[in-house]
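Novice: Fold the following for me, if possible:
(chains A and B)
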Amino acid sequence: MSEEREKSWSEEELQNLIAQSAEEQPIPDSLLPEQVVERLKEEQKATQKKAGKKRSRQILHLTEAAAAIALVAAIGGIGIRMISSGTGNMSGMASYDMANTAESANESSCEAASAQSADGTGTVSETETFSSADMLGYHVASDYEEIYELIQQNQAEISIIYDSGYSGGEVDIAEEGSDSIADSVALGSTAQVEHSQTNVQQEGVDESDVAKTDGSYIYQVLSDNTLAIIDIRGDKMALSAEITPDAKLLDTVEEIYVDGNRLYVVGTRTDAGLSSYDTDDGPYYYSGYEVSTVLLTYDITDRQNPVQLGSYTQDGSYYTSRKVGDYIYLFTRNDLYNSCFDDVMEAIPCVQEQPVPCSSIYISEHAYTDLVISSVNTVQPEQSADQMMILDDFSSIYMGTSAIYIYKSAYVDAQSMTHIMKFSYEDGTFAPVAAALVRGSITDTFAISENQGMLRVLTTDWSAAEEVNQLYILDEQMQQTGVIDGIAEGESVYAARYIGDIAYFITYRNMDPLFVADLSDPSNPVLLGSAAISGFSDYLHVYEDHLVLGIGYETDESSYVEGVKLVMFDVSDPLNPQVVTSCVLGQASGTSADRDYKSILVDAEKGIIGFLTESWSEAYSCDYRLFTWNGEAFLEEADIPLSKEGQYDQSVMDTRGLYAGDTFYLVSSKSVVSYDMAHDFAKVDELNYSK
Amino acid sequence: MEERELVKRAKKGDVDAFGRLYETVYKKMYRYALYTLKNSHDAEDAVSETVTDAFASIKSLRSEETFSGWIFAILANKCRHRMKDYYRMRLEDVLEDEEAGESQSILSKSGAYESDWNRNKEAYHDVREAFFALKEEERIILGMHIFFGYKTREIAAQLSMNENTVRSRESRALQKLRSRVKPDD
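Specialist: Just a heads-up that it's a prediction; the model follows:
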């Protein structure tokens, strides 16, 4: 690889090149200084007329410096930071029983935590630290005032750094939310026609999406914040109903669930405006906005006349949701940095207008984001079954079939670690179980997976001189039972997938080894074999028992990306996995596979593989690519252009491929087009949304 | 007029003084927004909102701070909020504008590639393409470095990240770019 270096730009050349490429981009007129000044003058006039103080959750309000300094001094080394002492051996992991502490936490946890912080700078051993009552850096809030003060403190802390800052923690932003992936899930028993399911992260845990089908109808989110129900029972498609939710309830439709005769709509509502209030120095202006996430339930027994049954509101921006059985779980986040609260209760997010109970709020020393989780029993769509909140850095979630795992990157003595909390959610009721700290970062949404109560976590440690990967197995109490460490030094995890007791994963530096690991003995997980191929896969899908599909990129010998690549691995002999075949799409420069697993359609029964590609080679283009697998090779069935005339258009990334029976449907916010899968994907019908 | 005086006036509500301060940073702001958000319409909105908020809250700018560092921080926060995967915003507005024949898409802006701006045309195009293909966090980190001129330490402070992590992510991002953009032979 070193020989090829000559052909590359140096870091400095690259940076200059990027800067120059930006300089030649025209700056919109509206941002020219004279125009901005004019606009501000107009706004100044307009807002000076208004008076009166307005409450707002998200406003840009920056703390006074003097107060800020005093408050920062008051923040001790509570929680995660104290773990940093005496943790010389980072190859291990630690776990901590949260359930016991949570029960006794109401009064004592605060004291325990602060007592710990007092000597947190000493030589506390790892085990001693974790046996304290602070739940590995968290404790249950003693009262709302404690939460309020913590938020104020953390705001002050950031404003010392820059006065306005990034409120998140150690985050792989691109890995968040919609970036996780998929299999198939049983929805209900209403459909007689076999049909596609949303590609979900965890089998048995449904996820909302922008388009769904039950075999008889397609349900989809349209771009203008309405929903459409399309009758696909005949060859000719017909619009059954359009639903436009009351704008007072919801102004942006995000995603939907369909279950029998119920349609669940997840959306958000933003209340915004420029406001001002009087201070001693004259009026104080701010732009404020308040974001809520809303779940609307519709009875769609009559597909032509959907009836709204209930609405449910939870404070915060929509992060993600899941559906298991009769319960829908909503995950919302509030970014606390830019928030200003006039009183304690204003700082506490509400679910159906009730503040999250203090005893269900878990706090750490980092109060930059609150993550609110509530469960809704769909039988009573306006009632919250349970709620909880985590006040912390930016965290991600993984929902297995028995527990919700909330994880975040943490840094301990410049060592990258992942902190994982486990909560059970049986029948919509949340209960803390345990927490663990493992080495490295979770770099792929599918790298964390639960199977029969055991959690498997594959991480990459970037902080070492050479990147190194490890696979942990944790038992139900988050105690480590086994580990494979020292995997693929110098490479990092690009994609992962678990099926039963087997783990498949891709690491990459300049080749793409697919590793197969046997996890059937939790105390002795073992690497079985690997298969190398050029390029790398960003997404893995267990296609059939012995076949694993990879979607990723082809690279040449010096790691230059040459195009999007499909590869099929034969893993029937796990000790000796083989590449069956691969296929390179040279004209495509990116795929949706690494960003949005829900955009992928893989169905072994139908033998189809569909996903989106993007290309910037001439003009911009986004295409839906459809392949079939005939047992030996990938056959390209269709390449359907979605973007128009080279125009970049992010909304086309919400295009989905669905099927019902032998018909394939390409569903976008502009149209639905049907194709006959039994006859070479010949176009059957097209339904356009006139707008 | 020196910056301190301009800030003082702006704090009293002098829009023109604010405009003079803004003039020194708006190009960098726009480029950062464009390269992190990948879309000129969003970039324009982000800068525009930043201006509104910055003017409204300029009283909180402390004397030891620079105007540029302060407004960059507000912008960085705005951009992060607009990242699709973060707030899952939809872009109907962009579509409507395009239908109205006012496409602001930087990749299709008519004339953007027609002029004979220079022989580096292809390289610029390639590097932009490769930059846009980076993960959001990578674009943020590189963008802060390249367009704001931030040092690793400052980026780490902004993102509440460990300095070593920023360094390793940045180098990984550059490595990715290097693998996707070839110099002409």
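Novice: Residue numbers of the stretch 1-150 of chain A in contact with chain B?
Specialist: Residues of the stretch 1-150 of chain A found near chain B (C-beta under 8 Å from any C-beta of the partner chain) are A:7-9, A:11, A:13-15, A:17-28, A:30-34, A:36-37, A:39-41, A:43-44, A:60-65. For the C-beta atoms, the positions are set from N, CA and C on the backbone; glycine is no exception.
Novice: Among those, name the buried ones.
Specialist: Buried members of those, counted by 16 or more other C-beta atoms under 10 Å in any protein chain shown: A:8-9, A:14-15, A:17-19, A:21-22, A:25, A:27-28, A:31, A:33, A:36-37, A:39-40, A:43-44, A:60-63, A:65.
Novice: Spatially central residue for chain B, please.
Specialist: In chain B, the centroid-proximal residue (C-alpha atoms, centre = their mean) is residue B:32; its distance is 1.7 Å.
Novice: Thought residue B:147 was touching that one, still the case?
Specialist: Yes - under the criterion of C-beta atoms under 8 Å, residue B:32 makes contact with residue B:147 at 4.0 Å.
Novice: Buried residues in stretch A:260-275, which are they?
Specialist: Buried residues in stretch A:260-275 (16+ other C-beta under 10 Å): A:262-269, A:275.
Novice: for those residues, which one is nearest residue A:219?
Specialist: residue A:263 (6.2 Å; C-beta to C-beta).
Novice: hey, what's the closest residue to the closest one other than its chain neighbours bridged with?
Specialist: If the residues on either side of it in the chain are set aside, residue A:263 comes closest to residue A:298, at 4.3 Å by C-beta to C-beta, 6 or more residues apart in numbering or on different chains. Beta-bridge partners recorded for residue A:298 (DSSP bridges): residue A:263, residue A:308.
Novice: coming back round to it: how confident is the prediction for the residue nearest to the centre of chain B, by pLDDT?
Specialist: pLDDT for residue B:32: 94.
Novice: hmm, back to that, narrow the residues of the stretch 1-150 of chain A next to chain B to those in strands?
Specialist: Judged by DSSP state E, the residues of the stretch 1-150 of chain A next to chain B include no members of strands.
Novice: ok, what's across the strand from the closest residue to chain B within the stretch 401-550 of chain A?
Specialist: Using C-beta to the nearest C-beta, the closest approach of the stretch 401-550 of chain A to chain B is made by residue A:411 at 4.4 Å. With DSSP bridges applied, residue A:411 shows beta-bridge pairing to residue A:416.
Novice: just checking, it touches residue A:418?
Specialist: No - in this structure residue A:411 lies outside contact range of residue A:418 using C-beta under 8 Å: 10.5 Å.
Novice: Could you list the low-pLDDT ranges of chain B?
Specialist: For chain B, applying pLDDT under 70 flags the ranges B:1, B:63-64, B:84-121, B:184-185.
Novice: Which parts of it are helices?
Specialist: B:3-11, B:15-23, B:26-37, B:40-56, B:67-82, B:84-87, B:92-99, B:121-132, B:136-143, B:152-159, B:163-180 (DSSP state H).
Novice: can you put those helices in a markdown table and add distance to chain A?
Specialist: Output for the helices of chain B, formatted as a markdown table (distance: least, C-beta to the nearest C-beta, whole Å):
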| stretch | distance to chain A |
| --- | --- |
| helix B:3-11 | 9 |
| helix B:15-23 | 4 |
| helix B:26-37 | 4 |
| helix B:40-56 | 4 |
| helix B:67-82 | 4 |
| helix B:84-87 | 5 |
| helix B:92-99 | 5 |
| helix B:121-132 | 4 |
| helix B:136-143 | 4 |
| helix B:152-159 | 5 |
| helix B:163-180 | 4 |
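Novice: and residue A:313, which of the ones you listed is closest to it?
Specialist: Among the helices of chain B, if distance is taken as C-beta to C-beta, the winner is helix B:84-87, at 17.4 Å.
Novice: more crowded one of residue A:411 and residue A:418?
Specialist: Set side by side, residue A:411 and residue A:418 show more neighbours around residue A:418, with 24 against 20, by other C-beta atoms under 10 Å in any protein chain shown.
Novice: what about that one, which SS state?
Specialist: strand (DSSP: H, G, I helix; E, B strand; the rest coil).
Novice: Contacts only, for it.
Specialist: A:407-410, A:437-442, A:457, A:459 (C-beta atoms under 8 Å, 6 or more residues apart in numbering or on different chains).
Novice: Among the residues you listed, find me the one that's closest to residue B:181.
Specialist: residue A:441 (26.3 Å).
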